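>>> sequence plus the predicted model coming up.
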Amino acid sequence: MKNTSGDQISKIEVKDLNLWFDTKHVLKDVSIEIYEKEITAIIGPSGCGKSTFLRCLNRMNDLIPSTKIEGEILLDGKNVLANDIDPVDLRKDVGMVFQKPNPFPKSIYENIVFAPKIHGVEEVKKDPRTNKEKIVRRKPTKDELDQIVEKCLRRAALWDEVKDRLNKSAYDLSGGQQQRLCIARTMSIEPEVILFDEPCSALDPIATAKIEDLLVDLRKDYTVVIVTHNMQQAARVADRTAFFYMGDLVEYGPTKKLFEKPEKELTEQYLTGRMG
Ligand SMILES: Nc1ncnc2c1ncn2[C@@H]1O[C@H](COP(=O)(O)OP(=O)(O)OP(=O)(O)O)[C@@H](O)[C@H]1O
């Protein structure tokens with residue numbers, strides 16, 4: 001997506017982000033701009049801070065005691081690290097899919113409607129006194145829930161495989177189907193950004209290919225950030241790639257350029273497998 005000058009639109013702007021777990025300095029002065037409706041891949045050796053960085057974007061690290069974080073993460077210009085931001089609200093806008101598929105021990109249908117039932121659906125209502133329109137949240141109807149289920153499962157390319165067994169346990173699905181169900185579940189409350197933390201590491205190559213196709217398709221509607229160990233995966237799906245090393249963002253740019261003509265020696269060493 002481009003603005004009128006033809007530039008990409010920034011969705012998330014990270015400025016001088018530093019993070020410590022106790023005394024361990026895990027992210028060091030990370031500044032990066034993530035663009036709307038693109039796929040951004042985060043790569044780097046084990047322990048370099050990829051997942052920690054990703055988890056900053058929807059404040060999942062808040063759950064870890066003795067975490068200290070400094071800097072800014074602007075989502076559409078608003079600092080998500082500010083004290084007045086409710087992380088639960090933030091996670092409605094910034095959804096997350098984890099390494100291992102983690103459906104709830106419920107039916108396929110109940111997995112999808114779980115969050116919309118809690119958060120409700122939005123409705124535009126006119127205040128009769130002021131005649132002004134305002135958005136209210138209310139309990140969804142059964143019809144609305146059915147529609148959400150079909151829409152999300154279609155969007156996650158799972159509908160045809162499960163439409164006749166929506167009331168069966170999510171645990172009866174294969175690993176790849178469970179992961180697509182988790183993606184559908186994330187979409188049920190209409191996030192703008194979806195974070196993926198190594199979503200294919202527990203899947204076989206066929207299930208992985210389906211998730212990769214889905215990721216590319218999701219880019220039409222969502223801003224996607226994916227942590228991956230698999231460099232080929234980053235090369236296949238990502239518009240831009242960021243290379244992290246020991247908590248530093250070493251290099252960031254269009255994926256093709258980063259893979260074919262990296263600017264930094266460290267990036268080249270990592271990409272060519274010359275890093276110990
Ligand atoms: N909850 C925690 N408490 C203390 N240290 C942690 C915690 N989580 C991660 N770390 C440390 O922070 C550093 C970065 O970890 P992180 O999981 O972000 O790396 P990563 O690049 O995603 O690694 P991998 O590719 O192996 O998943 C590591 O040294 C890790 O040991």
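Nice, I can see it. Numbering: from 1, shown residues only.
>>> number of nearby residues for N18?
By other CB atoms under 10 Å, 15 other residues sit near N18. Placement of C-beta: from N, CA and C, glycine included.
>>> figure out the helix or strand that it lives in.
strand 10-21 (DSSP states H and E).
>>> each with direction, which strands does the helix or strand just after that strand pair with?
Scanning forward in sequence from strand 10-21 by DSSP H and E, the next helix or strand is strand 24-35. In the sheet, strand 24-35 lines up against strand 10-21 (antiparallel) (DSSP bridges).
>>> thinking again about what came up before, quick one: average pLDDT of the strand holding N18?
On average, the pLDDT along strand 10-21 is 97.
>>> now it: how far from the chain's centre is it?
The chain centre lies 15 Å from the centre of strand 10-21; the measure is CA atoms, centre = their mean, to the nearest Å.
>>> buried set for that strand?
11-14, 17, 19-20 (16 or more other CB atoms under 10 Å).
>>> hmm, who's touching that strand?
By CB atoms under 8 Å, 6 or more residues apart in numbering, the surrounding residues in contact with strand 10-21 are 25-37, 49, 52-53, 56-57, 61, 64, 66-77, 192-193, 223, 225.
>>> switch the cut-off to 7 Å
With contacts defined as CB atoms under 7 Å, 6 or more residues apart in numbering, strand 10-21 is touched by 26-36, 52, 56-57, 61, 64, 66-76, 193, 223.
>>> contacts with the ligand among the residues you listed, please.
Restricting the contacts of strand 10-21 to those near the ligand by CB under 6 Å from any ligand atom leaves 26, 52, 64.
>>> apart from its neighbours in sequence, what residue is nearest the spatially most central residue of the chain?
Computing the C-alpha centroid of the chain and ranking residues by CA atoms, centre = their mean puts L195 first, at 1.3 Å. Once flanking residues are discounted, L195 sits nearest to M96: 4.5 Å by CB to CB, 6 or more residues apart in numbering.
>>> quick one: what helix or strand has that neighbour in it?
Using DSSP H and E, M96 maps to strand 94-97.
>>> still on that earlier bit, and the residue nearest to L195, what does it touch?
Listed by CB under 7 Å, 6+ apart, the contact set of M96 reads 58, 60, 186, 195, 197.
>>> ok, the first one - contacts?
Contacts for N58 were tallied using CB under 7 Å, 6+ apart; they are 90-91, 94, 96, 195.
>>> what do you get if the cut-off is 8 Å, keeping everything else the same?
N58 is in contact with 80, 87, 90-91, 94-96, 193, 195, counting by CB under 8 Å, 6+ apart.
>>> also the second one?
Taking CB under 8 Å, 6+ apart as the contact definition, M60 lies against M96.
>>> which stretches of the chain have low pLDDT?
Across the chain, the ranges flagged by pLDDT under 70 are 1-7, 276.
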